[in-house]
Each structure stands twice: as C-alpha cells, then as structure tokens.
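J.: Can you look at this prediction? I've put the sequence above it.
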Amino acid sequence: MDEEVESVDEISSKTWDVMENKLIKAGLREGIGAGRERVFQPSFDEGYRDGYEMGYSKGFQKGFLSVLSAEKTKEVSGEGTNIPPSPPCNLCADDIDDKFYEQTTREIAKSLRENDQRYVNSLRSELSSWMQKLGIDFASTSSPSSKK
C-alpha cells in the first residue's frame, strides 16, 4: 500500500510539474504579448497620426493648387501654378549610404517627418502666394496640420 501512495504522490508531483510548466509558458507568452502591445501600440498610434495629418495636409494643399492651375485660373492671373514635386523617400532611395542603417528607428522617423514637413511648407508657400494673388484669405482655410 505504501508503494501505491508513493506512486500516486509521484504522479501528482509530475502532473503538477507539467501543469506548472504549461502555465509558466502561457504566462510568458501573455506577458510578451502585453509588453509588445504596450510598447508598440503607442509608437504605431503616433506614426499613424503623423502620417494621416501629413498626408491630409499634402492632399489638401495639392488639391487647392491643382484647382488653381486650371485654365480659368491661368486666364485670371496669366500664370500657372508651380506644384513642387514630392521629395524622395529616405527608405526608397537607390543610393542609401551605410550611415542610414546605423540610425535608430526613431531617428529615421524624425528624418522622414522633417522631409515631409519641408515639403508641406513648400506647398503651403506656393498655395499662400496663389491665394493672395486671387484675393482669397489663406488663413481661413483649414487642414489638420494647421489645427494643432
């Protein structure tokens, strides 16, 4: 009878160890998932918001400039618009140097935001110039970037 008790205790101990290992692994998986979500989600949200605002602002201003470049506008002012071309993407360039790969993701994102901001500023400058020529108050127009 003592042998049976020992074997039951051994079985219970082994069962407990197996169950404990499974729970540890499950907890580890859940902890890793929660950690990823906690770290990556705010970064994703920030990037998405910045991308949306920048994209909307570019589209808004390019749309205005496209309308202004119509033949009727040329007749009114005697000129066409000069829509600046989009800047090349740092990530898409053919001639990326080795220093680019040494940057952190945060530095790359900052560089992309700065390039986009320069482009939006050049669009805004061209648009503002045109709207002044046509007597339209540029300050009364809105875009997400101007609402910050």
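T.: Noted; the coordinates are in hand. Numbering: from 1, shown residues only.

J.: how about the helices in the protein?
T.: 2-68, 71-77, 98-101, 105-134 (DSSP state H).

J.: Need the winner for burial among these.
T.: Most buried of the helices of the chain, by mean neighbour count (mean count of other Cβ atoms under 10 Å): helix 105-134, with a mean of 15. Any C-beta I mention is one placed from the backbone N, CA and C, and that applies to glycine too.

J.: Show me what that helix is packed against.
T.: Contacts defined by 3 or more Cβ pairs under 8 Å, 6 or more residues apart in numbering; DSSP states H and E place helix 105-134 against helix 2-68, helix 71-77.

J.: so where's the protein shaky on pLDDT?
T.: 1-6, 8, 68-97, 100, 138-148 (pLDDT under 70).

J.: rewinding a little: could you dump the helices and strands packed on helix 105-134 to JSON lines with distance to Val120?
T.: Formatted as JSON lines, these follow (distance: least, Cβ to Cβ, whole Å):
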{"stretch": "helix 2-68", "distance to Val120": "5"}
{"stretch": "helix 71-77", "distance to Val120": "22"}
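
J.: need the contact list for Gly47.
T.: Gly47 makes contacts with Ala109, as judged by Cβ atoms under 8 Å, 6 or more residues apart in numbering.

J.: any idea how far Gln132 is from Asn115?
T.: 26 Å (Cβ to Cβ, to the nearest Å).

J.: now Trp16
T.: Here the criterion is Cβ to Cβ. By it, Trp16 lies 79 Å from Gln132.

J.: Angles on the backbone of Gln103, please.
T.: Dihedral pair for Gln103: phi -80, psi 150, per degrees, to the nearest 10.

J.: what's the burial count for it?
T.: Residues within reach of Gln103, counting by other Cβ atoms under 10 Å, total 13.

J.: Find the residue closest to it in space, skipping its chain neighbours.
T.: Nearest residue to Gln103 in three dimensions, chain neighbours excluded: Ser111, at 7.5 Å (Cβ to Cβ, 6 or more residues apart in numbering).

J.: again, but for Leu123
T.: Nearest non-adjacent residue to Leu123, counting by Cβ to Cβ, 6+ apart: Gln61, 4.1 Å away.
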